[in-house]
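> Sequence first, then the predicted structure:
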Amino acid sequence: MAKVFIPRERRPGETRVAATPETVRRMAKLGLEPLVEAGAGEASLFRDADFEAAGARLVADAAEAWKTADVVLKVAPPEATNEAGRLKPGAVLIGFLAPHRELEMVRLLAAGGVTSFALELLPRVTRAQPMDALSSQASIGGYKAVLLAAWRLPKYLPLLMTAAGTIKPARVVVMGAGVAGLQAIATAKRLGAVVEVSDVRPAVKEQVESLGGRFIELPLAESGEGQGGYAREMGEDFLRRQREIVQRHLAAADAVITTALVPGKPAPRLITAEMVRAMRPGAVIVDLAVEQGGNCELSQPDREVLENGVLILGPSNLAAAMPHDASLLYARNVFALLQILLDKEGKLAPDLNDEILAGALLTHGGTVVHKPTAERLDLQEVPA
Ligand code: NAD
């Protein structure tokens, strides 16, 4: 029976867990042996007793479990020496592995002969939707970002007719309408705000309008859509014109949610310090691109910045602020991926020619398979 280990997350601020009693039960049904570190679900309100009742064995000694596990399910990247470095050759690791940042950890995975799948690399094809952890967690980020802004705003979001007179609805600008941005638009609309949206992919306009947002038109000489439905990197000339156009919308905004990203590149700089200073005092900016350098020049990871009365928040892991449902969805995403690693008899037999597995594969057979990471590590790439 393949041992599937679910450790307690140890990164500061990481409250999620990679399996829940629901997915543990499904693992046991498939003939897998789930091992859950004691307390792994505590921060996300899944109790040890519920994991046990679902068929998991509770583990007190995580170090030993890392050594003997056939599969490890993680949320955040494992620690290099004490976690990744302990895995046995041929073991499978699934999680957000942040390969661009965690180079030493990747090196140890490759050196140890570990087969690792990074959820950030999962191709966004239709068949991969149940496994799309990037989407399930980004959606939480978009939702929470609006709630965060609403909480810190010195005013209402909705239009209100009261005995004391009328309150005008707040104006919210959303920049970047991918998964997080669309959820931010939907949430701000539900709360009654007037929502304006900027994005560079033309396909987004219809989605924005169907949610009740107003699309800010940009003079696009060519589509801002690049490979795989993602945005491409726009030149500085374009970004300057975009900033000019968006500026007057920002000047009238009460809240701004930024989520704009370009795969493999630093986040586009959409709001300069000067633009912040032209905004209304009391306005709130929530920059969800902060980990990739930020869409706003002034945002800082997990710090509050106050500039000319404008509050700038840069939460780096908002999904962890809603750990129960975040874990519920994440665990289902990971379980869906685990399922396609099994053959018809329920044995661990990943078909690395499967486009989903091939796309998400980071290390295998002693090498770093993901090219950009291999190049970063300056390793010789050998095809799997
Ligand atoms: P992302 O996180 O890479 O980027 C967020 C948004 O920022 C994108 O909409 C992008 O166009 C936008 N952006 C980039 N540069 C910008 C700029 N200068 N100004 C304004 N906005 C800018 O995107 P994502 O949320 O991961 O989604 C990417 C695409 O993948 C979307 O089309 C999404 O619908 C699609 N998707 C498809 C599936 C599927 O299964 N088919 C699943 C999830 C997402």
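Thanks, I have the structure now.
> just checking, residue 141 is part of a helix?
Yes: remark: residue 141 belongs to a helix, assigned using DSSP: H, G, I helix; E, B strand; the rest coil.
> ok, residue 247 - contacts?
275, 278 (CB atoms under 8 Å, 6 or more residues apart in numbering). Placement of C-beta: from N, CA and C, glycine included.
> Can you tell me how far it is from residue 150?
Shown here: residue 247 relative to residue 150, a distance of 24 Å by CB to CB, to the nearest Å.
> can you check residue 300 too?
Going from residue 300 to residue 150 by CB to CB gives 21 Å.
> do the same with residue 173
The spacing between residue 173 and residue 150, counted by CB to CB, is 14 Å.
> who's more crowded, these two?
Per other CB atoms under 10 Å, whichever of residue 173 and residue 150 has more neighbours is residue 173, with 28 against 21.
> For the helix or strand hosting the more buried one, which strands pair with it and how are they oriented?
Residue 173 belongs to strand 171-175 when assigned by DSSP states H and E. Under the criterion DSSP bridges, strand 171-175 sits next to strand 194-198 (parallel), strand 255-258 (parallel) in its sheet.
> The last one near the ligand anywhere?
No: using CB under 6 Å from any ligand atom, strand 255-258 stays clear of the ligand, with a minimum separation of 8.3 Å.
> how far is that strand from where the chain is centred?
Relative to the chain's own centre, strand 255-258 is displaced by 18 Å; criterion: CA atoms, centre = their mean, to the nearest Å.
> touching the ligand at all, the helix or strand following it?
Using DSSP H and E, the helix or strand that follows strand 255-258 towards the C-terminus is helix 273-277. No: under the criterion of CB under 6 Å from any ligand atom, helix 273-277 makes no contact with the ligand; the nearest approach is 13.6 Å.
> just stretch 305-318 next, same as before
No: for stretch 305-318, no contact with the ligand is found by CB under 6 Å from any ligand atom; the gap never falls below 13.5 Å.
> end to end, how far does that stretch reach?
Distance across stretch 305-318, first residue to last, is 17 Å (CA to CA, to the nearest Å).
> what's next to it, contact-wise?
Contacts of stretch 305-318 from elsewhere in the structure, counted by CB under 8 Å, 6+ apart, are 13-14, 140-141, 144-145, 148-149, 152, 273, 276-277, 279-288, 290-291, 294, 296, 298-304, 321.
> Check stretch 146-155 too.
Contacts with stretch 146-155, where a contact means CB under 8 Å, 6+ apart, come from 157, 167, 170, 172, 184, 187-188, 191, 254-257, 282, 284, 286, 311, 313, 315, 318.
> Narrow those residues to those in strands?
When DSSP state E defines the strands, the subset of the contacts of stretch 146-155 inside them is 167, 172, 255-257, 284, 286, 311, 313.
> Need those residues in CSV (columns: pLDDT and distance to residue 197).
Written out in CSV, the entries for the ones in strands among the contacts of stretch 146-155 read as follows (pLDDT from 0 to 100; distance: CB to CB, whole Å):
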residue, pLDDT, distance to residue 197
167, 98, 23
172, 98, 9
255, 98, 13
256, 98, 11
257, 98, 10
284, 98, 17
286, 98, 15
311, 98, 21
313, 98, 19
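> which bits of the stretch 151-300 of the chain sit near the ligand?
Checking the stretch 151-300 of the chain against the ligand by CB under 6 Å from any ligand atom, the hits are 175-181, 198-201, 204, 229-231, 234, 242, 259-263, 268, 270.
> OK, contacts around whichever residue of the chain sits closest to the ligand?
Evaluated by CB to the nearest ligand atom, the chain has residue 178 as its residue closest to the ligand, separated by 2.2 Å. Contacts for residue 178 were tallied using CB under 8 Å, 6+ apart; they are 138, 199, 259, 261.
> Show me what counts as buried in the helix or strand where the first one lies.
Counting by DSSP H and E, the element that carries residue 138 is helix 133-152. For helix 133-152, the neighbour count (16 or more other CB atoms under 10 Å) marks 133-150 as buried.
> filter these down to the ones near the ligand?
The residues of those that also fall near the ligand, by CB under 6 Å from any ligand atom, are 134-135, 138.
> JSON lines for those, including pLDDT and distance to residue 224?
Written out in JSON lines, the entries for those read as follows (pLDDT from 0 to 100; distance: CB to CB, whole Å):
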{"residue": "134", "pLDDT": "97", "distance to residue 224": "20"}
{"residue": "135", "pLDDT": "98", "distance to residue 224": "20"}
{"residue": "138", "pLDDT": "98", "distance to residue 224": "19"}
